[in-house]
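Provide a 3D model corresponding to the input given below.
(chains A and B, ligands or ions: 2)
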Amino acid sequence: MEQLDKKIVLGLLLIALILPLFANEYTLHIVILACFYVILSSSWNLLAGYSGQVSFAHLALSSLGAYTSGLVSLKLGIPPVFSILIGAIAAGIVGIIIGILTLRMSGSYLALTTIAFSEIYRIVISLEYEITNGQVGLSVPGLFGEAGSKITYYYTAIALVVIVVFVGIQKLVQSDFGLTIRAIREDETAAAAMGAKVVRHKVIVFAISSAIAGLAGAFLAHYTLLVSPEMATITEMGIVISMSVIGGLGTFIGPILGGVSLELISEYVKEFGNYHLMIFGLILVLVMRFSPTGLAGLLVSLYTRKRKAEQLSQIRKEA
Amino acid sequence: MLKVTNLTKRFGGTVAVNQVNLQVNKGEIVGIIGPNGSGKSTLLHTITGVYQPDEGAIEYRNRDITRAPLEEKARMGIGRTFQNLRLFKRLTVWENLMIPAIQLKKDRKVAEEEAQELLELVKLHNHATEQAQNLSIGQQWLLEFIRAVMLNSELIFLDEPTAGFHPNMIQNFLDTLQKLHARGKTFVMIEHNIPAIMEVSTRLIAVAAGEVIADGDPKTVHANPQVVEAYLG
Ligand SMILES: Nc1ncnc2c1ncn2[C@@H]1O[C@H](COP(=O)(O)OP(=O)(O)OP(=O)(O)O)[C@@H](O)[C@H]1O
Ligand SMILES: [Mg+2]
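Ligands and ions are numbered 1, 2, ... in the order given. Prediction:
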């Protein structure tokens, strides 16, 4: 399994490296969006897949990072490179607050509270016209300035962010801290009976995953040059959840597989308008039916089957 | 080492634990018996911090720990198992054992040696990399037992441990218990299996309807007419 992960990651890195050589602007644009979704679904995977906390506030926190960064760069004239980090930190701090308020709640209450937070947040930013420019959205400066097309810069930057986020999450999950959050996911009471500080661990994971969401949102804002309430809709949240689950919750490569494949599919089915959500739903049901561990699980089982078949024929040959 | 005074725990109208007084001294194996629903598990939950008591006090090594939360009591060396298995099912056997060690920030090498030794003691050393949920029920019980030991616990509570074992594995478990006892661990063990508890316990406490009705030498308590009646009636 680990070996397979490595192969896939190496393959993707290779593709990522040579992509700008032959891809046109449109393709790069799609890939940048896919990277945005990959970051969101991998941080949601950290939260839901590894620590077992299903939150629906992820996109609201991403949007919060976007608005914070947008406003800070607009009103204070701070360059986007720094304002994006400020956006991430702001999302992380709000994540801590939501975490502290909700994490003593059991699963379904957490889910409901985060939906409520998300909707209230979206309504507030839609109505606070003076500050946020409401539904129209806020025009913000670009990360690499406005003049000319800088799409390869954006592509390179977000690819680096994806790599850093991925390595970071992977290191975290494999650390002692990561093992403890997985134990908490399995059984909170047993984890506490083994001395684990359950609430503290959950709040930290919530904060980290919120900060990553904020980072992604802020980055996207300074790429599209626009921040609008659109990002914080439950529809967007549904897309990210579909990506995480279809890719494979609690797996390493799942978020990449889910994020990339669904973003590509959604480009093809865009013309059907909101029906693409129905298509995602259908894929979700099919994947859950035939491979509950998602595309990652499917790949692993195909791979091990192939390896076994090879070993078998090897043995036959030798015999 | 443990002193419980007038401990009371209510659920709405039911008084599950009623003014319980008891004491556990270092080196004992205290058995707790009592009919179904008499409040044994609730007593254990309230002492270990799964529940907060409504009244009374708990002292451990001369420190008041009445309101200390579960994880704090665990870190002080109070270990426990659960009546219904509570392993980290999708973690490996090895990872299950590392969880308490990580929380105590034990030296990695020390923890690994300890885990290896305990796995060999209960003959699970060939299963270290398996997911806990793939073990047999008896093996899962043994794992939960040694996981509590990994907490450096001096005092370990067991809630009906023999219920999880096939009859011919019970003796095996009792032997393991006595080996650990010989190394200085103190045990409090809720049991329905009378022959088992009579074999290992150094003292017996009988509860009925949330109250302690007898406490003392196992044979005397077992023969106590009130205890006999509680069990039959
Ligand atoms: N969480 C709870 N909420 C409400 N009532 C409870 C709760 N836990 C236990 N009780 C009640 O408290 C009483 C004591 O239950 P407890 O589980 O402690 O008994 P027990 O002696 O461990 O029984 P058994 O031998 O069946 O394990 C019972 O009447 C039970 O219904
Ligand atoms: Mg019980």
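
all contacts plus neighbour counts: C-alpha atoms, from now on.
Will do.

near chain B, which residues of chain A are found?
A:176, A:179-180, A:182-183, A:186-187, A:189-197 (C-alpha under 8 Å from any C-alpha of the partner chain).

please flag which of those residues sit within helices.
Secondary structure assignment (DSSP state H) places A:176, A:179-180, A:182-183, A:186, A:189-193 from the residues of chain A next to chain B within helices.

what is the most widely separated pair among the residues of chain A next to chain B?
A:Asp176 and A:Thr189 (18.4 Å; C-alpha to C-alpha).

where in chain B is pLDDT low?
By pLDDT under 70, the weakly predicted segments of chain B are B:232-233.

let me see the ranges of the helices in it.
B:40-48, B:70-75, B:93-103, B:108-121, B:137-149, B:167-182, B:194-200, B:218-223, B:225-232.

quick one, which of the ones you listed gets closest to ligand 1.
helix B:40-48 (3.6 Å; C-alpha to the nearest ligand atom).

quick one: the strands in the stretch 1-150 of chain A?
Using DSSP state E, counting those that start in this stretch, the strands of the stretch 1-150 of chain A run over residues A:138-139.

for the residues of chain A next to chain B, which one is nearest B:Leu118?
Checking those against B:Leu118 by C-alpha to C-alpha gives A:Met194 as the nearest, at 16.4 Å.

next, count neighbours for the residue nearest to that closest one when sequence neighbours are not counted.
Once flanking residues are discounted, A:Met194 sits nearest to B:Pro100: 4.9 Å by C-alpha to C-alpha, 6 or more residues apart in numbering or on different chains. By the criterion of other C-alpha atoms under 10 Å in any protein chain shown, B:Pro100 has 28 neighbours.

so B:Pro100 makes contact with A:Gly195?
Yes: contact criterion C-alpha atoms under 8 Å: B:Pro100 and A:Gly195 qualify, at 6.3 Å.

nearest residue to B:Asn25 in space, ignoring adjacent ones along the chain?
Nearest residue to B:Asn25, sequence neighbours excluded (C-alpha to C-alpha, 6+ apart): B:Met1, at 5.1 Å.

got it, and B:Glu114?
Nearest residue to B:Glu114, sequence neighbours excluded (C-alpha to C-alpha, 6+ apart): B:Met150, at 7.5 Å.

ok, the one you found - how many residues close by?
Neighbour count of B:Met150, defined by other C-alpha under 10 Å: 23.

again, but for A:Arg305
12.

list the contacts of the stretch of helix or strand it belongs to.
Assigned by DSSP states H and E, A:Arg305 belongs to helix A:294-318. Identification of contacts with helix A:294-318 by C-alpha atoms under 8 Å, 6 or more residues apart in numbering or on different chains yields A:1, A:4, A:245-249, A:251, A:253-254, A:257-258, A:287-288, A:291.

what sits against B:Pro195?
Applying C-alpha under 8 Å, 6+ apart to B:Pro195 gives no contacts.

how far away is it from B:Ile213?
Taking C-alpha to C-alpha, to the nearest Å as the measure, B:Pro195 falls 20 Å from B:Ile213.

what residue in chain B comes nearest to chain A?
Across chain B, the shortest distance to chain A (C-alpha to the nearest C-alpha) belongs to B:Glu71, at 4.1 Å.

how near is that residue to B:Glu95?
The spacing between B:Glu71 and B:Glu95, counted by C-alpha to C-alpha, is 18 Å.

what residues are up against residue 218?
No chain was given, so I picked chain A. By C-alpha under 8 Å, 6+ apart, the residues touching A:Ala218 are A:62-63, A:65-70, A:84, A:87-88.

not quite, go with chain B.
Residues near B:Pro218 by C-alpha under 8 Å, 6+ apart: B:198, B:201-205.

how about the residues of chain B by chain A?
So chain B meets chain A at B:50, B:70-75, B:79-80, B:86-91, B:95-96, B:99-100, B:102-104, B:148, B:151 (C-alpha under 8 Å from any C-alpha).

how many residues are close by the nearest residue to B:Leu142 once chain neighbours are set aside?
Excluding the flanking residues, the one nearest B:Leu142 by C-alpha to C-alpha, 6+ apart is B:Val122, at 6.7 Å. Per other C-alpha under 10 Å, the neighbour tally for B:Val122 reads 17.

B:Trp141 is in contact with B:Val122, correct?
No: between B:Val122 and B:Trp141 there is no contact under C-alpha under 8 Å: 10.3 Å.
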